[in-house]
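Engineer: for reference, the sequence and a predicted model appear below.
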Amino acid sequence: MNSFMSGAILAIICQLFVHSSVPSPLVYAREDAFNQQHAAGTSENVDQMVNEYMAHLETLVQLLHADRQTQKGTDIIARGREAFNKALAAFPDETVVHAHALFAKLCVKAGVYDEATSLFDEAIRRASLPLEAENSDPSTLADTQSLVDQLYLERSRSHHQYIGSNVLQWHAANDQGYKGGIPPETSPWYPLSYVELQLGIFPFPHPQTLFEKATLITLTLDSPEEEIQQMELGDEEAVNATSRAWEAYETYQESQSVAFVAYSHGKKRYLAGGQPCGDEDYGLVVGGTAWSKHAWKSSSFSYDKTKDAGQSDDLYMGIITFQNVLISGRDAVISGYQGNCNVFARHSYVNLSNNIPLVTAWEITDATIEDTQMWMTYIPEGDTTSFGGSVGKDSNGNDALLIPNPRSNNAGFDSAILLCGYASDNYFHFITEVLPSLVVMRNRIKDILKQQQTGAKDVVVVPNLQNEFVEGFLRLLLPEAFDDKGKLSPHIVQWGPWKKSGGGSGSTYSSSTHPIAYTKRLATVMWDQPKVAPSPLNGPAHCLTPKPLIRAMQRVVLKSVDSPTSDMSKRIIYCSRSSSSTRKLAEEEELLSRLRAIASKEGAELVVFEKQAAMDATAPSPLAAVIDAIQLFQSATVVVGVHGASLANIAFSRIGTTIVELGFGIPQAGHYLHLAKSLELNYVGIRLTPNSRSFGATEVSYQKEELTKLQML
C-alpha cells in the first residue's frame, strides 16, 4: 500500500474517532479497497484519487474542529455536505466509511440528528461488509468488528444526545420565557417520556439521565389524579404518589451506583491523581453512620432523647475526620485520593455524575482493559474546565478532557473544615445544614482564623460569598473571618463559581462550576437523616437535619443578635414570592385581603416579607439584612407562606409561633413541617391545588376549602 496513503488515512482516522484508540480497522478497510481497485484495474491513478479523497476528508475534519460559536449550524452543514459529496465522487467505493462517519459527527455537532443517524447507519453497513465475506483473515475480522462496535457506539452517543436535546429544549423554553419556572402550558411528563427513551440506549443507564428521571418523577408526584390517568401509568401502585416517591428515591440511588462504577473505572485512567482501586477502601458510603465507620476519626455527640416525628435516638450525629481526600463538585463531595476509592455522599439526592470525575463506563458491557479506551472522560454539563481540566491529548494521542492531579505542584491544603455540602448556596440548605455545621465547629474555625499565615494551608471551606446571606451570617457568627477593613481572611475558601462579574474580597478556590481540591486532613459535621418524612406525609424524606442540631443553631444565632423581647405586639408575617420565578401565588391579593382582616380583628401588624434583589441599591448590607430577617421572624406570632426559601427563617421563630405553609402533600416537601416540629412551632398545612409541576411551577393556587384553617389563627 502507498506509504503516503497509509499515514494520511491513519491521521484522518485518529481525528475521526477522537476518543478511540482503535483506528486500525478503518485502515484495513481502506487498504482492502485500495487493493481491490488495483486488482480490478478500475483505476489507473489511485494515488490521485486518494489525494483528492483525503483533501475532502480534511475539510470535514477542519469543520469538526472549528469553533461552533463563530459559525452557524446551517453554514457548517452546507460546507460539510459539499465536502462529503465530493469525497464520495472522488473515491466511489462501497467499503470506505470515513466520509459518512465524519459527516455524521459533523451533523451531531450542528444538531442535525436525523441525518446523523442515517449516515451512521450507512457507515455501519459499509464497515460490516468484510464480516460477510468468505475466507476473511481472522485478525482482519477482529479489527473490523472493533470498527463496527466503535461506529455503533458513536451512533448511540448521537442518539442519546438527540433525545436529550428535546429535554434541553423544554428547559430552555421555560428558562427563556419564565426564568426557570414551568408554565401551565407545559408539563414534566413531556421530558420524562424522553428521558425514559434515553435510558434504553446504552447497555447500562446513564447516571445523569437517571438523576433527571428521578427529579422529573418527583416533580410529577403532585399531579392531579385525572392527569395521572391520562398518562396511562397502568397499575394502581404507579398511580399512588407515595409509591412513585419511593420510585424516585430508588432511582436517585441507582444513579449514584452507576456513577460510582464509572468513577472506579476513572481511577484506572488516573483521573485527578487516581490509581486503580485496591481491595480495601472501595465503596459508595452514604449517611453518617456509614461515614463514621470509614473515617480516620469520628467524634459523635449525644442525641436528644426526645422523640420527634420520623426520628429515633439511633440517628448518628458527629464530627467526621478524613485523611488524604478530595473535595469535588458543586456539592463538595468527598472521595478518596489515589487508590482509595471510597466516595462519601451525604444522602441519596446528591448527583454524583456532576460532582466526581467519571468515564463513560455505562456505554459498553463486559469491558476489557482494551475496551476501556473507547470510554470518554465524562464532561459534566459540557463544562470543559471541570475539575481543573482542559481539552488536550490523552496517552493515545486522542482529544480528551484531561483532569490533572489536584495535588500537583504542592497544591491543596494541609487541613480543611468543610461547611459546604448539598446545594449549600440555596438558602434553606444553608440555614438548616451549613449553619448547624458552623455552630458545631465554631471553636475549631476560630482557632484556624487566629493563625497568622500567608498562603494559608489550613482553611475553612464555605459557600461563595456572592450569595449575600453567606456573607451576612459569616459576619454575624464569625466576625474573625474579616479584618478591620472588611477583607476576608485568607483562611476562608469560597467554594464554587462567581455568580456575577466583579469578583470580590477573599479567595475563591475555583471559577469552575465543578471545582476540586486535595486536603491532607478534612473535618466536617455529618448526621443520619430520617428515612421517612414526618407524618402525615410519610414516604422518603428529603434533606432533614436532626432536631438537636437545629435547636443548637437557633440558640447560637439568637444570642448573636439583640432580641426584641420588649416588643410584645402581635405580628403576622406573609412571605411573598411575587418576584420569584417559581411558585408565585395566583390568589396572593385575595390571601392578603384575608390576612389584613385577621390582623385587624386581632390587633396585629401584617408584614409582607420578600427578599430584595441583590443589586437593589436600597438593599441593606448583607449583615444588616440577616439581622433584620432574624429579628423579624423572632418577633412573629404567625408566619404564612408558600413552600419556599423564605420560610427557612422560621428557624429563628419563638416557641409557639404558628406556621402556615401553603404546600404540597408529597413526602419530599416535608422540610418546613419538620423544621416546625423540631422547634416546637404550631404547624398548619394548607394544601395547594394538585399541580404536575409542583416545586417547579411558575404559578400555584390554593384549594379554597383549605382556607378555613386560617380561622384558627
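Structural biologist: That came in fine, so what should we check first?

Engineer: burial of residue 561, as a residue count?
Structural biologist: Residue 561: 16 surrounding residues under other C-beta atoms under 10 Å. All C-beta spots, glycine's among them, are computed from the backbone N, C-alpha and C.

Engineer: in a helix, that's where it is, yeah?
Structural biologist: No. Counting by DSSP: H, G, I helix; E, B strand; the rest coil, residue 561 is located in no helix; its state is coil.

Engineer: my read: it touches residue 630, true?
Structural biologist: Yes. Counting by C-beta atoms under 8 Å, residue 561 does reach residue 630; the two are 5.2 Å apart.

Engineer: run the chain-centre distance for the longest helix anywhere in the chain.
Structural biologist: Counting by DSSP state H, the longest helix found in the chain is helix 138-178. Chain-centre distance of helix 138-178: 21 Å, with C-alpha atoms, centre = their mean, to the nearest Å.

Engineer: ditto for stretch 519-538
Structural biologist: 19 Å.

Engineer: output it as PDB, nothing but the C-alphas.
Structural biologist: Extracted in PDB, the C-alpha atoms of stretch 519-538 (Å, rounded to 0.1, in the frame of the first residue of the first chain):
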ATOM      1  CA  THR A 519      -6.500  18.100  51.500                       C
ATOM      2  CA  LYS A 520      -4.300  16.000  53.900                       C
ATOM      3  CA  ARG A 521      -7.000  16.200  56.600                       C
ATOM      4  CA  LEU A 522     -10.600  17.200  56.400                       C
ATOM      5  CA  ALA A 523     -13.200  17.600  59.200                       C
ATOM      6  CA  THR A 524     -16.900  18.000  58.600                       C
ATOM      7  CA  VAL A 525     -20.100  17.600  60.600                       C
ATOM      8  CA  MET A 526     -22.300  14.700  59.500                       C
ATOM      9  CA  TRP A 527     -25.500  13.100  60.600                       C
ATOM     10  CA  ASP A 528     -28.000  10.400  59.600                       C
ATOM     11  CA  GLN A 529     -31.200  11.600  58.100                       C
ATOM     12  CA  PRO A 530     -34.600  10.300  59.000                       C
ATOM     13  CA  LYS A 531     -35.600   7.900  56.200                       C
ATOM     14  CA  VAL A 532     -39.300   8.700  56.400                       C
ATOM     15  CA  ALA A 533     -40.800  12.200  56.200                       C
ATOM     16  CA  PRO A 534     -42.800  13.400  59.200                       C
ATOM     17  CA  SER A 535     -46.400  12.400  59.400                       C
ATOM     18  CA  PRO A 536     -48.800  12.800  57.700                       C
ATOM     19  CA  LEU A 537     -46.500  13.000  54.600                       C
ATOM     20  CA  ASN A 538     -44.700   9.700  55.200                       C
END
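
Engineer: list the buried residues in that stretch.
Structural biologist: 519-534, 537 (16 or more other C-beta atoms under 10 Å).

Engineer: give the rounded mean pLDDT of it.
Structural biologist: Confidence over stretch 519-538 (mean pLDDT, whole number) is 91.

Engineer: just the pLDDT for the spatially most central residue of the chain.
Structural biologist: Nearest to the mean C-alpha position of the chain, by C-alpha atoms, centre = their mean, lies residue 354 at 4.5 Å. We have a pLDDT of 95 for residue 354.

Engineer: can you tell me the closest non-neighbouring residue to it?
Structural biologist: Spatial nearest neighbour of residue 354, chain neighbours left out: residue 380 (4.6 Å); criterion: C-beta to C-beta, 6 or more residues apart in numbering.

Engineer: then residue 352?
Structural biologist: residue 259 (3.8 Å).

Engineer: if I've got this straight, that neighbour is in a helix?
Structural biologist: Yes. The assignment for residue 259 is a helix, going by three-state DSSP.

Engineer: count the neighbours of it for me.
Structural biologist: Neighbours around residue 259, by other C-beta under 10 Å: 29.

Engineer: ok, it touching residue 353?
Structural biologist: Yes. If you go by C-beta under 8 Å, residue 259 and residue 353 touch, sitting 4.6 Å apart.

Engineer: pretty sure the residue nearest to residue 354 contacts residue 353?
Structural biologist: Yes. Between residue 380 and residue 353 there is a contact under C-beta under 8 Å: 6.4 Å.

Engineer: now the helix or strand where residue 606 lies: buried residues?
Structural biologist: Applying DSSP states H and E as the criterion places residue 606 in strand 605-609. Using 16+ other C-beta under 10 Å as the test for burial, strand 605-609 gives 606-607, 609.

Engineer: now do stretch 419-428
Structural biologist: Result for stretch 419-428 [16+ other C-beta under 10 Å]: buried residues 419-428.

Engineer: quick check: end-to-end length of it?
Structural biologist: This stretch, stretch 419-428, spans 14 Å end to end (C-alpha to C-alpha, to the nearest Å).

Engineer: try stretch 578-590
Structural biologist: Span of stretch 578-590 from end to end, C-alpha to C-alpha: 14 Å.

Engineer: how far does that stretch sit from its chain's centre?
Structural biologist: 27 Å.

Engineer: now swap in stretch 697-710 and tell me
Structural biologist: For stretch 697-710, the distance to the chain centre is 32 Å (C-alpha atoms, centre = their mean).

Engineer: list of residues touching it?
Structural biologist: By C-beta atoms under 8 Å, 6 or more residues apart in numbering, the surrounding residues in contact with stretch 697-710 are 178, 181-184, 581-587, 591, 594-595, 598, 642, 660, 662, 684-689, 691.

Engineer: for residue 354, what are its contacts?
Structural biologist: Here residue 354 is in contact with 208, 211, 329-331, 380-381, 514 (C-beta under 8 Å, 6+ apart).

Engineer: the strands in the stretch 551-700 of the chain, which residues?
Structural biologist: Along the stretch 551-700 of the chain, counting by DSSP state E, counting those that start in this stretch, strands occupy 571-575, 584-585, 605-609, 638-642, 658-663, 682-687, 699-700.

Engineer: dump these to CSV, plus mean pLDDT and distance to residue 443.
Structural biologist: Compiled in CSV, these are given as follows (pLDDT from 0 to 100; distance: least, C-beta to C-beta, whole Å):
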stretch, mean pLDDT, distance to residue 443
strand 571-575, 97, 34
strand 584-585, 96, 43
strand 605-609, 96, 33
strand 638-642, 97, 32
strand 658-663, 96, 32
strand 682-687, 95, 34
strand 699-700, 94, 43
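
Engineer: save the ones you listed as JSON lines, and put in distance to residue 554 too.
Structural biologist: What follows is the strands of the stretch 551-700 of the chain, written out as JSON lines (distance: least, C-beta to C-beta, whole Å):
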{"stretch": "strand 571-575", "distance to residue 554": "17"}
{"stretch": "strand 584-585", "distance to residue 554": "28"}
{"stretch": "strand 605-609", "distance to residue 554": "18"}
{"stretch": "strand 638-642", "distance to residue 554": "15"}
{"stretch": "strand 658-663", "distance to residue 554": "14"}
{"stretch": "strand 682-687", "distance to residue 554": "16"}
{"stretch": "strand 699-700", "distance to residue 554": "29"}
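
Engineer: of all those strands, which one is nearest residue 344?
Structural biologist: strand 658-663 (31.3 Å; C-beta to C-beta).

Engineer: I appreciate the help and will end here.
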